[in-house]
Each structure stands twice: as C-alpha cells, then as structure tokens.
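K.L.:
Next input, structure requested:
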Amino acid sequence: MKQFPPPARVKLYTDYIKKTHAWLNKLAKDEHLSLAWVYWDYFMAVVKHRCLIRQYVIGEFWKLSDPERRKRLTYHRMVKLFDKYNQAKYIHYLNEKPDFNTYFSDFVHRDWIHIGNASKDEFAAFLHKHRSVIIKPVDGVEGGGVRKFTLPASQDTDLEKTYEELRKENVLVEQVIEQHPRMVFGNTSVNTIRVHTILNSKGKAHVIKAILRAGVGNSVVDNYCQGGSIYEVDMKTGVVCTFGQSKTDDQSYIHPGTDIMMLGYKIPHWDEVLSTCEQAAERLPQIRIIGWDVAITQEGVELIEGNHNPDYELFEFLGSTGYYEKITKMIDDKKQ
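P.N.:
Next up, the predicted model:
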C-alpha cells in the first residue's frame, strides 16, 4: 500500500472526512432519510465491515441488511484476500510488463520491446516497422502514463532524442493492437474485457466475473479509473447484461458519445476469452486471484496484462454482487 509522509496523510484524512460529510448529507437529502440515521448507519458499516464512503453511497451499501453486507467485498476484505492468497514474490510476473509479456508469451501475440534492453537502432527499426506504437511505463497501473506515438511521415523526427527520453522513463514500446470491429465503440482506445479468475485449492481456475471496459473520447486507455464505462458480461453467453457505469456513477445503456445500445451486445470469440484466462491463471498458481485484461482481435484473443489486486469496485458496484462470499467459497473448494 502506498505510504504518504505525515503532512500528506493529515490532508488525505481531512479531505476524506470532508468528502464523507458532504456525501452523507447529500444521500440523506436525495433519499429523504434521517441524517442522524445515515450517520449512525455509516458508522456501523465502517466498524463492522470497513466500508468506504464510495461503496456506502455509489455501491448502495446503505440499502443492504447486515447479512447481505457480510457477503460483499469491501476494500479492506479485498486487501486481506490478496495478502492471504497472492504470494508477494511472484507478483512481478504481473506488475512488471516485460516479465508479463515474456512469461505469458503464448497469449501475447503483439510485437514489443523493452526500451531498457533495446539499442537505438533496434528502437528505430521497431518504429519504422510499425509506425504507430503504444508506450507504457514498465510498472504503470490503471492506465497511467500510457500514450500513443506515431512516427511522422517526414524524416525530421529526432529518434535519438526520443530514444534517450524514453530510456529515462523505462518504458515498454508495443505494436498497436488492431481490435475486432465489434470492439470499436467510436473512441480511440483498445477496449478490453476484465476477466476475474479464482484458483481453487486444487489449482483449477474458474472465471468468476467479467466486465467489458469501453473507453470514451480521445483517451488511449479504456480504464474505469480514466473515465471509461463498464458493463457486466454474462459469463455463459458473452453478452452484455447490465447498464453501463462510469467512475462518476453515470449510468446508461447507450455507450457515451455513440448511439450503440450496449445491453445485449455480443462479445466475439467469447469461449476463447474464457479458456485463455483460465489457462493463464493456472500457469501462475502462486497468485490465486487475478484480474486479466483481454483484447479481442479478428484472429482471436490478446492478453494485455494481469492484475494481482483488481479493483473491488468492479466486483461490487455493477451487476452481480456478493463476491466476498463467492470468492471465499470458491477459493477453498477442493473439487476439480
């Protein structure tokens, strides 16, 4: 967990208290609830379930009975599951992008180079081959720092300068993925499926929830944290089965910026999506809870990355819920 210096921690806490106060007051007003009851109920949700204010309000924790609350993942419960079931010394296979692309090379079909291990000539050859590339920080999270670079038609670009700048950043340079036409939603990002897998005590992988993440506008990433919309996908059929939701809680059946009706939308190559993630999960048995990001191309499935600490909001804020109970039952299941 990220550590903040004392002054920053104080500001973090005071800002959180101010936000909590504002959100609880707005909830009481919008839902015509007693303000005293809202404050007391949130206090009990924090004490008994370690519920954060976003989950209490946007995740509608306030509507739940106590038995239902015990079934839900909260941030605190998710961290405890990660600490128990995901072995720290193996996390680099997911966190470090060069390690990921190498270890899961059977599922990574795009060209890529690690700028730290590539010569200037190799970098120039890669750019001239692909023209447009995606640049990713080696240890980046939530789409931060990801950007697209296109080699201009003119020869004026100082590739040596670009190369030296990227070496300082320690980045991965990847071929741009040509996604399946049905995965294009009028934006510039590669739209992916977040597929959550659980490895039971016998080492058998199971997909437990799948989320379509669709970028919005000119962002080159589709991440929920970067403004994208999310939709639950029915695991049996590969069909979108809920309305869309953004980080700001905007909800719609229509993809923002387009007229595409998302409810009932069929994801191509769905069986391959499931089998790819299950095979990848079983290749790394030391990490038993993983959120995989999967792109869909004309040819099939492309594994983008794996996350050892997937966002608990994707489990509990949209569509099916109760994943603390589901995960704890499945992960200790001794059946094949």
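K.L.:
List the contacts of the helix or strand bottoming out on mean pLDDT in the chain.
P.N.:
Sorting the helices and strands of the chain by mean pLDDT, DSSP states H and E puts strand 251-252 at the bottom, at a mean of 74. The contact list for strand 251-252 (C-beta atoms under 8 Å, 6 or more residues apart in numbering) reads 229, 243-245. Bear in mind the C-beta positions are built from the backbone N, C-alpha and C, glycine included.
K.L.:
That strand - which strands sit beside it in the sheet, and in what orientation?
P.N.:
Taking DSSP bridges as the criterion, strand 251-252 forms sheet pairs with strand 244-245 (antiparallel).
K.L.:
Which strands or helices does the host helix or strand of residue 83 pack on?
P.N.:
Remark: residue 83 resides in helix 75-85, with elements defined by DSSP states H and E. In terms of contacts (3 or more C-beta pairs under 8 Å, 6 or more residues apart in numbering; DSSP states H and E), helix 75-85 is packed against strand 289-296, helix 323-331.
K.L.:
rewinding a little: now render the contacts of strand 251-252 as CSV, adding distance to residue 197.
P.N.:
As requested, those are arranged in CSV below (distance: C-beta to C-beta, whole Å):
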residue, distance to residue 197
229, 23
243, 25
244, 23
245, 22
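K.L.:
roughly how far out does stretch 159-178 sit from the chain middle?
P.N.:
Remark: stretch 159-178 is offset 23 Å from the chain centroid, using C-alpha atoms, centre = their mean, to the nearest Å.
K.L.:
mean confidence score for that stretch?
P.N.:
What stretch 159-178 shows for mean pLDDT is 90.
K.L.:
Regarding it, how distant is the last residue from the first?
P.N.:
End-to-end distance for stretch 159-178, by C-alpha to C-alpha, to the nearest Å: 25 Å.
K.L.:
Can you list the buried residues in it?
P.N.:
Neighbour counts over stretch 159-178 (16 or more other C-beta atoms under 10 Å) mark 162-163, 166, 171-177 as buried.
K.L.:
what does it contact?
P.N.:
Residues contacting stretch 159-178 (C-beta under 8 Å, 6+ apart): 97-98, 101, 110-116, 118, 120, 123-124, 126-127, 130, 132-138, 145, 148-149, 190, 295, 297-298, 302.
K.L.:
May I have the biggest strand by length in the chain as CSV, with CA atoms only?
P.N.:
In the chain, with assignment by DSSP state E, the single longest strand is strand 205-214. The C-alpha coordinates for strand 205-214 follow below in CSV (Å, rounded to 0.1, in the frame of the first residue of the first chain):
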residue,chain,number,x,y,z
ALA,A,205,-9.0,-21.9,-12.5
HIS,A,206,-12.6,-20.5,-12.6
VAL,A,207,-13.8,-17.3,-14.1
ILE,A,208,-15.9,-15.6,-11.5
LYS,A,209,-16.9,-12.3,-13.2
ALA,A,210,-16.3,-10.5,-16.5
ILE,A,211,-16.5,-6.8,-17.3
LEU,A,212,-16.4,-5.0,-20.6
ARG,A,213,-14.4,-1.8,-20.4
ALA,A,214,-15.1,0.7,-23.1
